[in-house]
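**Q** I'd like to go over a predicted model; first the sequence, then the structure.
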Amino acid sequence: MQIGVVTLFPEMFAALTDYGISSRAIQNELVSLEFWNPRNYATDKHRMVDDKPFGGGPGMLMKTEPLVASIQAAKEGVRQGPLAQAIQQAKVVYLSPQGKPLKQAHIAELAKRPNMVLVCGRYQGIDTRVIDSEVDEEWSLGDFVVSGGELAAMTLIDAMIRLQPGALGDEGSAVEDSFANGLLHSPEYTRPKEFEGRKVPSILLSGDHEAIRVWRLKQSLGSTWLKRPDLLGLLTLDGEQQELLEQFINEYESRNPIQL
Ligand SMILES: C[S@@+](CC[C@H](N)C(=O)[O-])C[C@H]1O[C@@H](n2cnc3c(N)ncnc32)[C@H](O)[C@@H]1O
């Protein structure tokens, strides 16, 4: 996967290129990142990359011409990259609080693309005409505002890297992640077997793989019911899942009777 990133702060991406799973995936060429800095496309002597908004108001916007030039250079760069022969035109994605909120299912679709250009906004954002002329899609991290698109782009890239074949040490990990099947992950335990008086559930020590599968599915359903009931509303449970969820709820309610 080839990703061109338009950003005023390419150094921030060291968080991806220098650490952990994402760093390994980049070294192993599962993903290539290339950076396009609008400052390099500024033509005035001070290399300005911000400008005042028409109509007044607080803050600045990204200066239009260097931003557009860097987006077009990123598109061209991705088009000429090592995967070029395979590929349709890279979609331009603007990370924006006004975009569609990203969910794991969206990430799974985006992760299949061979290429894309990510645009990181700064200041109060970018001129609406640039969105109209250059941007194909807007995606958001959620209903809150951060100071720049870099953290959002890094989050998206990292989540897509986890889904690239060969990126994770254990291929099963991403399949079992929370949200992959619409549920939260079941509770997890590591050594010691007893920690501050709390024991690991004995079933996990039993070596009985089928019993462990059923226990994990039940806990996963139960955790989702307790923490994110909205997710359950989006799923159609099969017979086994329905039964395990009912068991979990009954056991939970008998341990936590409603106080009248
Ligand atoms: C301070 S924000 C601008 C917010 C803008 N004035 C608004 O209210 O919609 C600067 C940049 O951060 C990025 N950003 C902020 N919040 C985001 C979010 N929730 N998801 C994705 N990107 C975000 C965008 O690239 C945005 O252009």
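**A** Noted; the coordinates are in hand.
**Q** kindly export stretch 242-257 (C-alpha atoms) in CSV.
**A** Output of stretch 242-257 as CSV, limited to C-alpha atoms (Å, rounded to 0.1, in the frame of the first residue of the first chain):
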residue,chain,number,x,y,z
GLN,A,242,-28.1,-15.4,21.7
GLU,A,243,-28.0,-18.2,24.2
LEU,A,244,-24.6,-17.3,25.6
LEU,A,245,-25.6,-13.6,26.0
GLU,A,246,-28.8,-14.6,27.8
GLN,A,247,-26.7,-16.8,30.2
PHE,A,248,-24.3,-13.9,30.7
ILE,A,249,-27.1,-11.5,31.5
ASN,A,250,-28.9,-13.9,33.9
GLU,A,251,-25.6,-14.6,35.8
TYR,A,252,-24.8,-10.9,35.9
GLU,A,253,-28.2,-9.9,37.2
SER,A,254,-28.2,-12.6,39.9
ARG,A,255,-24.8,-11.3,41.0
ASN,A,256,-26.0,-7.7,40.9
PRO,A,257,-29.6,-7.6,41.9
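**Q** list the buried residues in it.
**A** Leu244, Leu245, Phe248 (16 or more other C-beta atoms under 10 Å). C-beta here means a position set from N, CA and C on the backbone, and glycine is covered the same way.
**Q** please apply the same query to stretch 51-63.
**A** Judged by neighbour count using 16+ other C-beta under 10 Å, the buried positions of stretch 51-63 are Asp51, Met60, Leu61, Met62, Lys63.
**Q** could you dump these into CSV and include secondary structure and pLDDT?
**A** Output for those, formatted as CSV (DSSP: H, G, I helix; E, B strand; the rest coil; pLDDT from 0 to 100):
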residue, secondary structure, pLDDT
Asp51, strand, 97
Met60, coil, 98
Leu61, strand, 98
Met62, strand, 98
Lys63, coil, 98
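**Q** name the SS class of the closest residue to Ser220 other than its chain neighbours, please.
**A** For Ser220, ignoring the flanking residues on the chain, the nearest one in space by C-beta to C-beta, 6 or more residues apart in numbering is Ser186 at 4.2 Å. The three-state label given to Ser186 by DSSP: H, G, I helix; E, B strand; the rest coil is coil.
**Q** correct me if wrong, but Tyr4 is in a strand.
**A** Rather than Tyr, residue 4 is Gly. Yes - looking at Gly4 with three-state DSSP, it is inside a strand.
**Q** the nearest residue to it once chain neighbours are set aside sits in which helix or strand?
**A** In space, and not counting its chain neighbours, Gly4 is closest to Ala74: 3.6 Å by C-beta to C-beta, 6+ apart. Using DSSP states H and E, Ala74 sits in helix 64-79.
**Q** closest point of the stretch 151-260 of the chain to the ligand, which residue?
**A** Nearest residue of the stretch 151-260 of the chain to the ligand: Ala152, at 3.5 Å (C-beta to the nearest ligand atom).
**Q** residues contacting the residue in the chain that the ligand sits nearest to?
**A** The ligand sits closest to Gly121 of the chain, with a gap of 2.0 Å, by C-beta to the nearest ligand atom. Counting by C-beta atoms under 8 Å, 6 or more residues apart in numbering, Gly121 makes contact with Met62, Tyr94, Leu95, Ser96, Gly148, Gly149.
**Q** can you list these in JSON lines and add distance to Leu16 and secondary structure?
**A** Converted to JSON lines, the contacts of Gly121 look like this (distance: C-beta to C-beta, whole Å; DSSP: H, G, I helix; E, B strand; the rest coil):
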{"residue": "Met62", "distance to Leu16": "22", "secondary structure": "strand"}
{"residue": "Tyr94", "distance to Leu16": "19", "secondary structure": "strand"}
{"residue": "Leu95", "distance to Leu16": "14", "secondary structure": "strand"}
{"residue": "Ser96", "distance to Leu16": "20", "secondary structure": "strand"}
{"residue": "Gly148", "distance to Leu16": "15", "secondary structure": "coil"}
{"residue": "Gly149", "distance to Leu16": "14", "secondary structure": "helix"}
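**Q** in the worst-scoring helix or strand of the chain on mean pLDDT, which residues are buried?
**A** For the chain, counting by mean pLDDT, DSSP states H and E, helix 172-176 ranks last in confidence among helices and strands (a mean of 81). Neighbour-count burial for helix 172-176 flags Ala174 (criterion: 16+ other C-beta under 10 Å).
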